[in-house]
Structure formats: structure tokens, C-alpha cells
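1. Just to be clear, the model below is a prediction. Sequence and coordinates:
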Amino acid sequence: MASLPLSFLCCVLAMTASRCLAKHNILMIAIDDLRPEIAAYGFPRMVTPNMDKLAANGTLFRFSYVQQAVCSPSRTSLLTGRRPDTTHIYDLWHYFRTYGCNVTTLPQFFKQQGYRTAGHGKIFHPGHASGAGVFKEGDDPPSWTEPYYHSPNSKNFSQKDEAWLAPDKPEEEFPDSQIAAAGIATMKKLAADPFFIAVGFHKPHLPFVFPKSYLDHYPAENISIAIDPYPSNNMPPIAWSDWGELRAYGNVAAMHLPTNISKDMPDEYAKELRRAYYSAITYTDAQIGKVLDGLDALGLAGNTTVLLWGDHGWQLGELGEWCKHTNFEIAARAPLIVRTPLVPQSHGVVVEALVEHVDIYPTLVDLAGFEVPTGLEGFSLVPLLKNSTAAWKTAAFSQYPRGLPKGTKRDDHGDHAMGYTVRTAEWRYTEWVYFHNKTMQHDWDRVYGVELYDHRGDRGTSFGAWENQNLASFDEFTPVVKQLKAVLHAGPKAQQRRLEAARADQNGMLAGSQVRV
């Protein structure tokens, strides 16, 4: 038999590699309002065996930060790979394609590469914020090849009378259980094709609703109030949120709690809320387990990268705060776990480097073997998956909008404030400055508040204890303030230049980050 030409063999190998690469699947799991309080993050009281197993077989990023601690801005940033000052999405109403930047989203990118893309539950913020005013429905229709799935029972478990409920009903009637089942059905349907499947769970978002049996994991007598329930000393008033989201529930509104900066919530009800939040987490963890078991049962786990994220943290009475809506550590930090068969050395690893949710888009593109598009404002995490101590950026950036402080003269209706915050390995530094919400410009010289919090020694295993004293006005910390002011004002682009230089010094590490199967 005559030997085949080398050029033909090379062509066959290239086609085979391309075919193998294109068939690598993505399963993205999103969780609403989940702070990194699961056992894998150092909280053994939490009953979260499925997320813990995912972390044990993947990479847990201990310090991952969202770009704005509220649903739509955070999700829009993650799914477009761009920061809020680029998307111009700071609220729950505006749609990025018509208001900020009409760009290719993460699932849309995979759609353009020939993937089947399917969304379930809450991925984009639903409604007008994801296109309901432009398309027949929200959920950003250009991102998906498959019909979008929402639980038919969602409205049955949505009410504003009680902030938490534990109905004694079959688990399969709850919306997140139906979302899990739909996600599994979609995996089965698309198993023969390369897919990007996103499964978004609603809990532990308010109201905390879950099957009654999940309360058994957290006996009432074992629940305590927050470690540090009092507002941070010397905190500028503009940093405070009066947690209106929680006050909107009838039973909380009936308490007629003051909205001033104080520890308002009665201790007994604070314990109830904490117990309910934990129970909701464990319920959601059970749904995650069903999805991951379904992936295994279909024989797809060995060919699928699983990435799990929460859209921001959640304050459970720490520093007198509830909900999100702040620049504090507890609101800005969220869980991020990646399990990929493409990087075997990433299994069972904890990464201590500061990462950001804006890094998720380029990471999944990189893992799938595609060239990372220009315009993204995050970095692929693949180098950290390969080597947890690889060269990396040294700061993470978040922001949160506010109205002007009371008594401040307004020039026009566009006058607002924006809190810009930077987290380094040892500090969190925040400036609240003038922001015009029509021109989208801020002014560093018009300052309404400055914060400095000491995170030296913070291992991410306690909530509230690290930001109970604002040090910005203390003379001994003036050099720290000066240094961090420069980092904050230089912004993420300076981090990009620094990282590119560091990687160049490590013999082109960035160029070697592409994964090939």
C-alpha cells in the first residue's frame, strides 16, 4: 500500500483536532445573590456537598469580585466582558444593546462558532433590562439558538408579603427544581452537538423560598446574628444602603424600622433571615447536584467545562447592612469555580489571586480554543488554571452608583455620585465622586467620601470583621491612601499594562495560554 503524502496526513490531523476542539462543551451555572458562604470556601457549617465536590474536582477562586453589586449591571458586565462604565448599565432597567454598547455576548460568541446555545432561568436580568422592550421577550434573544426556558411555576412562589417562606410542598413544584430538570433535558437534547448551556438558579435571592425540609439542616438554636452587626466606624454616609429591597416585604415594612445608619433589624428576625438564606443555599446546591449528575449520566462530563458563578455577594446583617447595593467586601465578592478536563493540573486547586467576573468571558473562549475577541476588558484565567501562582493583576475594581448626598447642590438632573473601589491583597480603598448619568463622566476632584479598610490577614472565611473601621482619615495611613488613590485613578487599564509586561518577562506566557485538545 502506497504511503500517504505528509501534507494529506497533516490536513487530516488538523481537521480531527478542529473537530475535537469544536465539540468541547460549556455548562455555565449562575446563582442569584449567592455570597461565597459554602463549605468549600471555609464555612463547614454549610451543607453544600455538590458545590464542594465541584470545587474539589476543579479550581476555586477564593477572591473573585463582581464589577457592580446588583443583578443586571453585574450580569451585563460578565456576559459582555466589559465593565459598567463601558456598558453604561448601572440599574435594572436599561438594556445594553440600546443604551450602552451593542456587542457580542458570551453565549452569542459561541453561537457564532456553531454551538447550540440555550438559557434556563436567570442568566441575564429578565425583562426590560435584557430586551423585553425591543424583542417580544427579554433574556437577550440574540444570544440563544434554542427557545429560552423559564419555570412555569415562577409566579406561584413569588410574593411580597414575607421575606422568607418554607412551603411544605413537593420539591419538583419549586421553580429552581424545574429549571434544573429543564437544563438536564436540554443537555440530553443537544448531546450530539457542541453546546453552551446556561442554567441560572433564582435562590437564594429574596424572597427566600425553599422546601420546608431544608430548614432541618440549620436548627434554629444554632443560628446567630452577624459577627459584627454594627455599621462601620467613620464610614461616609454615602457608602450606606438602607436595604430597601428587604424593606419592601410586607412583614419587614410592618416593623417600621428606621432608615438611618444603625443596627436596625431585631436580633430574632435577623436569625430567621440568616437561617432561611442558608436553607435556600442548600436547596440550590441540591439542584446543582442534579444538573451535574445529569451531565455525568449522559457521559458528557469528560468533554465539558463547568463554570459556576454568583452574580454578587449578599449582606446578612454584617455592618448593619442587608442585601447587596454597596461597595463593601461582602457585596462585591462572589463565588467562582471552574472545572475543566482540558487542564488536568487545575483539579483540586485554590487560587488566591484577585480575579474579576469580567474575566469569565475571555476564560471560556480561551478554554474552547478560540481567539479571544478584542474589546474585552478582562483576562483569561487559563494561566491561573495551569499555574495558580502565574503572573496576574494585583487589583480588582468595582463600583456602585448613588444619588448626591443630602444638601448637595444639583446642577441638573444628571447629577449623581459613583463609588469607585479597588481591592488589593491587603486593602480596600473607595472614593465616592461626582458622576453625571447623562454624559457618563466622573470627576475625581468632587469627592463625597473616602474609605480605607484593612484586609491584611483576610483569608475570606469571615464576613464583616474586616471593614468595621474606616481608616482613610487616620494620619498613619496617609501613605497607603496616597498609593491606593493612584491605583484607583489609573484604573484597570494600568493593571492590563502591568500584567502584559509581567507575562512578557515570563517568556510569552500569555501566548501559551491557549488550550488545545
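-> Nice, I can see it.
2. For the stretch 201-350 of the chain, which segments are assigned as strands?
-> 208-209, 304-310, 315-316, 322-323, 336-339, 349-356 (DSSP state E, counting those that start in this stretch).
3. For this structure, which residues score under the pLDDT cut-off?
-> 1-22, 506-517 (pLDDT under 70).
4. Quick one: residues contacting the residue most central in space within it.
-> Nearest to the geometric centre of the chain sits residue 311, at 3.0 Å (CA atoms, centre = their mean). Residues near residue 311 by CB atoms under 8 Å, 6 or more residues apart in numbering: 30, 31, 32, 33, 34, 66, 71, 74, 75, 78, 334, 357. All C-beta atoms are positioned from the backbone trio N, CA, C, and that covers glycine.
5. on that earlier part again, can you say which of the strands of the stretch 201-350 of the chain is nearest to residue 279?
-> Proximity to residue 279 (CB to CB) singles out strand 208-209 among those, at 7.2 Å.
6. Let's have the contacts of residue 311 in CSV, adding distance to residue 228.
-> Formatted as CSV, those follow (distance: CB to CB, whole Å):
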residue, distance to residue 228
30, 29
31, 25
32, 25
33, 21
34, 21
66, 22
71, 26
74, 25
75, 29
78, 29
334, 20
357, 26
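7. In this structure, mark out all the helices, start to finish.
-> 6-22, 49-56, 71-80, 84-87, 96-99, 106-112, 175-189, 244-247, 250-253, 267-297, 329-332, 360-367, 382-386, 478-505 (DSSP state H).
8. Reformat those helices as CSV; add mean neighbour count and distance to residue 457.
-> Output for the helices of the chain, formatted as CSV (neighbours: other CB atoms under 10 Å; distance: least, CB to CB, whole Å):
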stretch, mean neighbour count, distance to residue 457
helix 6-22, 11, 43
helix 49-56, 20, 23
helix 71-80, 27, 28
helix 84-87, 23, 30
helix 96-99, 18, 39
helix 106-112, 22, 35
helix 175-189, 21, 36
helix 244-247, 16, 31
helix 250-253, 14, 35
helix 267-297, 21, 25
helix 329-332, 26, 13
helix 360-367, 24, 28
helix 382-386, 24, 22
helix 478-505, 15, 15
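9. Export those helices as JSON lines, with columns for distance to residue 341.
-> Compiled in JSON lines, the helices of the chain are given as follows (distance: least, CB to CB, whole Å):
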{"stretch": "helix 6-22", "distance to residue 341": "12"}
{"stretch": "helix 49-56", "distance to residue 341": "13"}
{"stretch": "helix 71-80", "distance to residue 341": "23"}
{"stretch": "helix 84-87", "distance to residue 341": "32"}
{"stretch": "helix 96-99", "distance to residue 341": "33"}
{"stretch": "helix 106-112", "distance to residue 341": "18"}
{"stretch": "helix 175-189", "distance to residue 341": "16"}
{"stretch": "helix 244-247", "distance to residue 341": "39"}
{"stretch": "helix 250-253", "distance to residue 341": "46"}
{"stretch": "helix 267-297", "distance to residue 341": "12"}
{"stretch": "helix 329-332", "distance to residue 341": "31"}
{"stretch": "helix 360-367", "distance to residue 341": "10"}
{"stretch": "helix 382-386", "distance to residue 341": "11"}
{"stretch": "helix 478-505", "distance to residue 341": "25"}
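10. right, so of these, which gets closest to residue 219?
-> helix 267-297 (8.6 Å).
11. Which strands and helices lie in contact with that closest one?
-> strand 25-31, helix 49-56, strand 164-165, helix 175-189, strand 195-201, strand 208-209, strand 304-310, strand 315-316 (3 or more CB pairs under 8 Å, 6 or more residues apart in numbering; DSSP states H and E).
12. let's go with 6 Å and repeat that
-> If you count contacts as 3 or more CB pairs under 6 Å, 6 or more residues apart in numbering; DSSP states H and E, helix 267-297 packs onto helix 49-56, helix 175-189, strand 208-209.
13. Tell me which of these lies nearest to residue 409.
-> With CB to CB as the criterion, residue 409 lies closest to strand 208-209 of the helices and strands packed on helix 267-297, at 41.4 Å.
14. and the closest one, what other elements does it pack with?
-> Packing partners of strand 208-209 (3+ CB pairs under 6 Å, 6+ apart): helix 267-297.
15. Can you give the distance from the helix it packs on to the centre of its chain?
-> 17 Å (CA atoms, centre = their mean, to the nearest Å).
16. so how far is the first residue of stretch 366-380 from its last?
-> End-to-end distance for stretch 366-380, by CA to CA, to the nearest Å: 7 Å.
17. That'll do, ta.
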